[in-house]
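Asks: Coordinates for the following, if possible.
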Amino acid sequence: WQHVMVGKRLLDLFDYRGSGPAKAGRDLLVDPELVRHIAHRLEADRLADWQPRSRGRTGRPSLHRTPGRPDVIAVLERANLLPAITFIFSRAGCDAAVKQCLRSSLRLTTEEERRRIAEIVDRRTADLDDSDLIVLDFHEWREALLRGLAAHHAGMLPTFRHTVEELFTAGLVKAVFATETLALGINMPARTVVLERLVKFNGEQHMPLTPGEYTQLTGRAGRRGIDVEGHAVVLWNPDVDPAEVAGLASTRTFPLRSSFAPTYNMTINLVHQMGPEQAHRLLERSFAQYQADRSVVGLVRGVERGERLLGELSAELGGRDAPVLDYARLRAQISQRERAQSRASRLQRRQAVNGALAALRRGDIITITNGRHSGLAVVLEPAQDSDDPRPLVLSEHRWAGRISSADYGGATGPIGTMALPKRVEHRNPRARRDLASALRSATAGMRVPAPRGRRSGPAPEPDVDPELATLRARLRAHRAHQLPDREAKVRLAERYLKIERDNDALRQKIAAATNSLAHTFDRIVVLLTERGFITHRDADSTGQDITDAPDAAITDGDVRSVTDAGRLLARIYSESDLLVAECLRSGIWDELDAAELAAALSSVLYESRRDGYSGADGADVPTGRLRRALNQTRRLWTEIRADEQRHRITQSREPDDGFVAAIYQWARTGDLATALAAAGRPGGDSAMSAGDFVRWCRQVLDLADQVRNAAPSPALRATAKRAINDVRRGVVAVDAG
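Replies: Sure, this is the predicted structure:
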């Protein structure tokens, strides 16, 4: 069932009279009562704006505001629509919503439910240290749970998040304020889903929800086997149009887009298991390739249509090798050359005029040649920008302003000079009048050149382009030049050439769209071959290794195999897999201790949140040995990025040192407060959430385990094992799975 909450009143979105909710998206219209109620509310708001206000009140009335979160939960409780999930697209917003409800008198649990909640919470958190619980605001979180309230987002400690899920599944928590993480992969017994806004931030800008996102969120309500019905509630404000909400709720088909793309690890494993040729054919049969091929169906049809037109036109012209086609191509070359020469001439004139404008000095008398202010003028301020000079002038007609190359021809330069006061108030009408009079007096005996219109300036030089002269001579000597119906034939030939150009452009688009995955795979194979992860041998030769060949492209006669370095890369599963493999192969992490290795691994994993904490600078790196390792890691990444640019491969993510200090402190001390303080913004008060801290620590653990199994150095493997033991403790070890 779809609803809109207007103020504290819950109204149906669709006209359900005589129908069930299943048909709402296809056969029903927006409920007229909802439309009337919103119209009355907007009218009341408009009228209230004109009423006199009491002393001290300012601003618009609050009739249009959405109700507070405790009020929304109270309305749902009275309507027997709990438990409910309220989706708020912000971690801070979820936590703030719980705090708002705690400040109210809202209590959603009985004494028996509070006792069961306390038992589950105490059991779940028994392994956490008391000092960590204080850092995590445990007591406020526990009090909210006892009252049936909770937040749920990725920034929470996993233990806290799993506790909320257990309590919500058991029906003990009645209201959860969650981000989109609760909309994916969790089967919760929610009777109602509340959407506060229909806009969310996608990492770059605020965008409206798509029908697929709306369905995914509201689909959490009324889960099959848990509840017999579900309710979706949208909070109304003047920016919410019921018709748009109905459109979101009624769409039931959504496009499926493949995000599949070859990676270094996948490429090396495919080459090792089946060879590059078979892997290339396999990628051509992927769903992503199918979508790419399907997207160019219209382009292919356009090419086919163009080919039919070309056949018809060539029949009229006498074949595809008709002389008139060569004649039309020659004409096109001449036109293109003339346009290029014209552009060069205009650019030369503009540069000459800009040079003349930049050379003007204060007191120079000039002639404005173009525009409605043409005539004599005196320079009040010279130009400041040499690229686009715009001096300030005063005309003899008392106009003051800046002129550009469009106004000034610059052919004659200044015709004289005059003395100016030390300070000219060009915005003062009387000052402009007096100065214009002085200008006319100063030029009374001068010979003033007349304005020459828009094309003033240095006269263009005669045509001396030898290539253009040769082309014109060839045109006059061409055998099609003497045809009696030459112009009619040329028009047909020009149409033929235009269709031919359009077809070439379409073919380029098709080539860029199709085989993109396979081509990307081929380019990655060549890059890995150059860097020594794959050997390249010619099957028809004597077995000579040609790994360093610059044109090591995949051909039918190639035999490529994975080297020892390639087998190392095949065991690294990370977004920065190639960088990690190069670091292991080059040994730049071999001298690090356990805490330093964990910090170095975090630099190739961590990605700073745009609205959160920032990365570390050089002063935040704890040891000189670690600083050298991080610098060498970044140097390797720079080399890889240069190779990726050369081979037109998507660039690997840049190392980020923002988690280095935090995980180093955690591995050294195991103190959560110290680690979270190190993760905060330098010099600021923003801090990393405990949930994010644990998540990044576990990603470091995963990569450290890969290093322990794949590193060629026994000493580094032992260091990786110690790093795992030092990081997997406290809150990181609880619920680690």
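Asks: Can you list the buried residues in the helix or strand where V324 lies?
Replies: Here V324, judged by DSSP states H and E, is contained in helix 323-359. Going by neighbour count (16 or more other C-beta atoms under 10 Å), the buried part of helix 323-359 is 323-325, 327-328, 330-331, 334, 341, 349, 352-354, 356-359. C-beta: built from backbone N, CA, C; applies to glycine.
Asks: and if you look at stretch 561-574?
Replies: 562-563, 565-566, 568-572, 574.
Asks: right, and the pair among those residues with maximum separation?
Replies: Greatest spatial distance among the buried residues of stretch 561-574 (C-beta to C-beta): T563 and S574, at 19.6 Å.
Asks: related to what we said a few turns ago, which neighbouring elements make contact with the helix holding V324?
Replies: helix 466-477, helix 486-513 (3 or more C-beta pairs under 8 Å, 6 or more residues apart in numbering; DSSP states H and E).
Asks: try it again with 10 Å
Replies: Helix 323-359 sits against helix 297-317, helix 466-477, helix 486-513, with contacts defined as 3 or more C-beta pairs under 10 Å, 6 or more residues apart in numbering; DSSP states H and E.
Asks: what angle separates the shortest one from helix 323-359?
Replies: When you say that, I think you mean helix 466-477. Per axes from the mean of the first three to the mean of the last three C-alpha atoms, to 10 degrees, the angle that helix 466-477 makes with helix 323-359 is 150 degrees.
Asks: now swap in the first one and tell me
Replies: Using the same axes, to 10 degrees, one finds that helix 297-317 and helix 323-359 are set 120 degrees apart in direction.
Asks: if we can go back for a sec, pLDDT and secondary structure added to the buried residues of stretch 561-574, as TSV?
Replies: Shown next, in TSV, are the buried residues of stretch 561-574 (pLDDT from 0 to 100; DSSP: H, G, I helix; E, B strand; the rest coil):
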residue	pLDDT	secondary structure
V562	89	strand
T563	92	coil
A565	92	helix
G566	92	helix
L568	93	helix
L569	94	helix
A570	93	coil
R571	93	coil
I572	94	coil
S574	90	coil
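Asks: wait, which of those is closest to G401?
Replies: S574 (61.1 Å).
Asks: Quick check: which ranges of the stretch 451-600 of the chain have low pLDDT?
Replies: Scanning the stretch 451-600 of the chain with the threshold set as pLDDT under 70 gives 451-464, 513-515, 537-559.
Asks: domain parsing for the chain?
Replies: The chain breaks down by automatic domain parsing into domains covering 67-235, 264-295+516-568, 318-480, 571-733.
Asks: Dump those to CSV, plus distance to E307.
Replies: Output for those, formatted as CSV (distance: least, C-beta to C-beta, whole Å):
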stretch, distance to E307
domain 67-235, 39
domain 264-295+516-568, 20
domain 318-480, 11
domain 571-733, 30
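Asks: between the ones you listed, which has the poorest average model confidence?
Replies: Looking at the domains of the chain, the lowest mean pLDDT belongs to domain 264-295+516-568 (a mean of 76).
Asks: what separates L528 from I534, distance-wise?
Replies: Distance of L528 to I534, given as C-beta to C-beta, to the nearest Å: 5 Å.
Asks: just I268 next, same as before
Replies: 7 Å.
Asks: In JSON lines: the helices and strands packed on helix 323-359, plus mean neighbour count and distance to D388.
Replies: Shown next, in JSON lines, are these (neighbours: other C-beta atoms under 10 Å; distance: least, C-beta to C-beta, whole Å):
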{"stretch": "helix 297-317", "mean neighbour count": "14", "distance to D388": "41"}
{"stretch": "helix 466-477", "mean neighbour count": "12", "distance to D388": "31"}
{"stretch": "helix 486-513", "mean neighbour count": "15", "distance to D388": "35"}
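Asks: Go through these and name the closest to L157.
Replies: When these are compared by C-beta to C-beta, helix 486-513 sits nearest L157, at 45.6 Å.
Asks: For that closest one, name the packing helices and strands.
Replies: Other helices and strands packing on helix 486-513, by 3+ C-beta pairs under 10 Å, 6+ apart, are helix 287-295, helix 297-317, helix 323-359.
Asks: Adding distance to W141, write those out as a markdown table.
Replies: Below are the helices and strands packed on helix 486-513 laid out as a markdown table (distance: least, C-beta to C-beta, whole Å):
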| stretch | distance to W141 |
| --- | --- |
| helix 287-295 | 43 |
| helix 297-317 | 55 |
| helix 323-359 | 67 |
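Asks: which one of those lies closest to R722?
Replies: Evaluated over the helices and strands packed on helix 486-513, closeness to R722 peaks at helix 287-295, with 41.4 Å, by C-beta to C-beta.
Asks: Quick check: phi and psi on V176?
Replies: phi -120, psi 130 (degrees, to the nearest 10).
Asks: quick one: it and C94 touch, right?
Replies: Yes - in this structure, V176 is within contact of C94 by C-beta atoms under 10 Å, at 8.7 Å.
Asks: between the two, which one's more packed in?
Replies: V176 (26 against 23; other C-beta atoms under 10 Å).
Asks: quick revisit: for the domains of the chain, which one sits closest to N503?
Replies: Nearest to N503 among the domains of the chain is domain 318-480 (13.0 Å), distances taken as C-beta to C-beta.
Asks: for the residue sitting furthest away from the middle of the chain, what are its contacts?
Replies: For the chain, the largest distance from the centre (C-alpha atoms, centre = their mean) belongs to G445, which lies 65.6 Å off. By C-beta atoms under 10 Å, 6 or more residues apart in numbering, the contact set of G445 is G416.
Asks: What separation is there between it and G416?
Replies: G445 sits 10 Å away from G416, taking C-beta to C-beta as the criterion.
Asks: Name every strand pairing with the longest strand along the chain and say which way it goes.
Replies: With secondary structure taken from DSSP state E, the chain has its longest strand at strand 375-381. Within its sheet, strand 375-381 is paired with strand 364-368 (antiparallel), strand 392-395 (antiparallel), according to DSSP bridges.
Asks: what does the shortest one contact?
Replies: The set of residues that contact strand 392-395 without belonging to it, under C-beta under 10 Å, 6+ apart, is 360, 362, 364-366, 368, 373-384, 399-403, 407-408, 420, 424, 426, 431-432, 435-436, 438-439.
Asks: do that again at 8 Å, thanks
Replies: Residues outside strand 392-395 that contact it (C-beta atoms under 8 Å, 6 or more residues apart in numbering) are 366, 368, 373, 375-381, 400-403, 424, 426, 432, 435-436, 439.
Asks: Repeat that for the longest one.
Replies: Here strand 364-368 makes contact (C-beta under 8 Å, 6+ apart) with 360, 374-379, 393, 395, 403, 407-409, 412-418, 439, 442-443, 446, 448-449, 451.
Asks: All the strands of the stretch 551-700 of the chain, residue numbers only.
Replies: Remark: strands assigned in the stretch 551-700 of the chain by DSSP state E, counting those that start in this stretch are 558-562.
Asks: show me where it has helices.
Replies: Taking DSSP state H, counting those that start in this stretch, the helices of the stretch 551-700 of the chain run over residues 564-569, 577-586, 594-603, 624-646, 660-669, 672-679, 690-710.
Asks: need those helices in CSV with distance to G148, can you?
Replies: As requested, the helices of the stretch 551-700 of the chain are arranged in CSV below (distance: least, C-beta to C-beta, whole Å):
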stretch, distance to G148
helix 564-569, 51
helix 577-586, 46
helix 594-603, 38
helix 624-646, 47
helix 660-669, 34
helix 672-679, 28
helix 690-710, 22
